[in-house]
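Participant: Here's a sequence, model it:
(chains A and B)
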2 protein chains.
Amino acid sequence: MIHLYDVELSGNCYKVRLLAALAGIPLALCPVDLAAGEQLSEPFRAMNPWRQVPLLVDDGLVLRDSHAILVYLAARHAPAGWWPADAASQARIVQWLSTSAGEIQHGPASARLVEKFGYQLDHAEAVRRSAVVLPLIDDHLASRDWLELDRPTVADCALFPYIAWAPEGRIGLEPYPAIRAWIDRIKALPGFLTAPGI
Amino acid sequence: MIHLYDVELSGNCYKVRLLAALAGIPLALCPVDLAAGEQLSEPFRAMNPWRQVPLLVDDGLVLRDSHAILVYLAARHAPAGWWPADAASQARIVQWLSTSAGEIQHGPASARLVEKFGYQLDHAEAVRRSAVVLPLIDDHLASRDWLELDRPTVADCALFPYIAWAPEGRIGLEPYPAIRAWIDRIKALPGFLTAPGI
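Facilitator: Numbers count the residues shown, from 1 in each chain, chains lettered A, B, ... in the order given. Presented below is the predicted three-dimensional model:
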């Protein structure tokens, strides 16, 4: 059984639950109580010194990063297509995993951490970063249905949660019609899994 | 011929030149004049709407992100081992590509942008982020020679430039003996390519 240490309102966890739902991968969810500081406890730290969720444990393999988990689940447990085996396709997708870990995490995701959870981060800076990256993504999606390869891939799973949740960080999606249409397409996929506020 | 649009002092570009040197991949370097705003010009924007380097062009494929370029070059043009084909190995490496695009880019790399190039970013925040991630990397490397898989991979190429350049951002590496030993191991690899200040 694949175990995912999970927090429902974490976008990084939701990325993984979303792929699993869309690709039909059964996960055993292990909820982590952030409010009680469970991620800081010694048993959790022994599994993940980074003290973060999500954390995946499967067949002795332990992975600490949402994008690594997406790649692993798609390559190992999903139907072909979510993470193709050829160099060019993998590289095209990795472009978006970097965007997710960089511009999105430090843009819309950080804005939401401030507004929804009271984190001490620079909201104005997160808004400024979002105002750079969201128009680029909107332009990219204006001429295509999916981020790469003309089909849903792990790239779409990586970017969906924090972009769809951007309004929770006071970043409106009204200026981005192609992003809004892409969100609707993802929501219409068979097996789509929602989350609170999506 | 593989074309890399390159800036010598960019760590994101150096990642790519380093892998190419270590793995014996010939690159045609196309220097981009950032001081003259070449990355903002219309011809460059037509190739890369993100207006960033590095940019790789090979056989009709255009890639805009350093980590995507590392994956592509390793999978397509390098000897086996730099980017293995199995799911678990790829995922282990992707953990570090996310760390590179997230914590390193917004930590040591950002501190260097402020100190060396006068960027208007929050140096104190970059130092604070570095003080979280560098001890985790040092602990990880205390019991191993390479970031994953007991051999050099694209993960090491991704993290080396901005960690080795951390002192240029006024982030000292004295507290991190395992990181310093890892830097020395990379420098001792056959084919190692240096850069100014490394």
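Participant: okay, CA-based contacts and neighbour counts for the rest of this
Facilitator: Will do.
Participant: the strands in chain A, which residues?
Facilitator: Ranges of strands in chain A, per DSSP state E, are A:3-6, A:28-31, A:55-58, A:61-63.
Participant: what's in contact with the third one?
Facilitator: When contacts are defined by CA atoms under 8 Å, 6 or more residues apart in numbering or on different chains, strand A:55-58 is touched by residues A:1-6, A:48, A:62-66, A:69.
Participant: Could you list which of those residues also contact chain B?
Facilitator: Filtering the contacts of strand A:55-58 for proximity to chain B (criterion: CA under 8 Å from any CA of the partner chain) leaves A:63, A:64, A:65, A:69.
Participant: Format these as CSV; extra columns: pLDDT and neighbour count.
Facilitator: Putting these into CSV (pLDDT from 0 to 100; neighbours: other CA atoms under 10 Å in any protein chain shown) gives the following:
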residue, pLDDT, neighbour count
A:63, 98, 24
A:64, 98, 23
A:65, 98, 25
A:69, 98, 29
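Participant: how about those residues, which pair is most distant?
Facilitator: A:64 and A:69 (7.6 Å; CA to CA).
Participant: for chain A, which helix is longest?
Facilitator: In chain A, taking DSSP state H as the definition, the longest helix is helix A:123-141.
Participant: Which positions within that helix qualify as buried?
Facilitator: Using 16 or more other CA atoms under 10 Å in any protein chain shown as the burial criterion, the residues of helix A:123-141 that qualify are A:123, A:125, A:126, A:127, A:129, A:130, A:133, A:134, A:137, A:138, A:140, A:141.
Participant: Ends of stretch A:109-129, what's the gap?
Facilitator: Stretch A:109-129 has an end-to-end distance of 11 Å (CA to CA, to the nearest Å).
Participant: could you check whether stretch A:151-164 is close to chain B?
Facilitator: No. Stretch A:151-164 lies apart from chain B when judged by CA under 8 Å from any CA; the minimum separation is 11.6 Å.
Participant: before we move on, the earlier item: show me the contact partners of the longest helix of chain A.
Facilitator: Counting by CA under 8 Å, 6+ apart, A:103-104, A:106-108, A:110-111, A:114, A:147, A:171, A:176-179, A:182, B:49-50 sit against helix A:123-141.
Participant: Quick check, residue A:172 in contact with residue A:165.
Facilitator: No. Look at residue A:172 against residue A:165 with CA atoms under 8 Å: they stay out of range, at 9.6 Å.
Participant: In terms of neighbours, single out the busier of those two.
Facilitator: residue A:165 (22 against 13; other CA atoms under 10 Å in any protein chain shown).
Participant: wait, what's in contact with that one?
Facilitator: So residue A:165 contacts A:108, A:109, A:112, A:197, A:198 (CA under 8 Å, 6+ apart).
Participant: So which bits of chain A are right by chain B?
Facilitator: When proximity is defined by CA under 8 Å from any CA, chain A lies next to chain B at A:49-50, A:61, A:63-65, A:67-69, A:71-72, A:75-76, A:85-88, A:90-95, A:97-99, A:101-102, A:105-106, A:136.
Participant: could you redo the last one with a cut-off of 7 Å?
Facilitator: A:63-65, A:67-69, A:71-72, A:75-76, A:87-88, A:91-92, A:94-95, A:98, A:101-102 (CA under 7 Å from any CA of the partner chain).
Participant: surely residue A:96 meets residue A:155?
Facilitator: Yes. Taking contacts as CA atoms under 7 Å, residue A:96 lies within contact range of residue A:155: 5.6 Å.
Participant: Just give the number of residues close to residue A:197.
Facilitator: Residue A:197: 9 surrounding residues under other CA under 10 Å.
Participant: again, but for residue A:23
Facilitator: Using other CA under 10 Å, residue A:23 has 21 neighbouring residues.
Participant: How much space separates it from chain B?
Facilitator: Relative to chain B, residue A:23 is positioned 16 Å away (CA to the nearest CA, to the nearest Å).
Participant: quick one, what contacts that residue?
Facilitator: A:78, A:79 (CA atoms under 7 Å, 6 or more residues apart in numbering or on different chains).
Participant: try residue A:22
Facilitator: Each residue near residue A:22 by CA under 7 Å, 6+ apart is listed here: A:190, A:191, A:192.
Participant: If I look at it, what pLDDT would I see?
Facilitator: Here the pLDDT value assigned to residue A:22 is 98.
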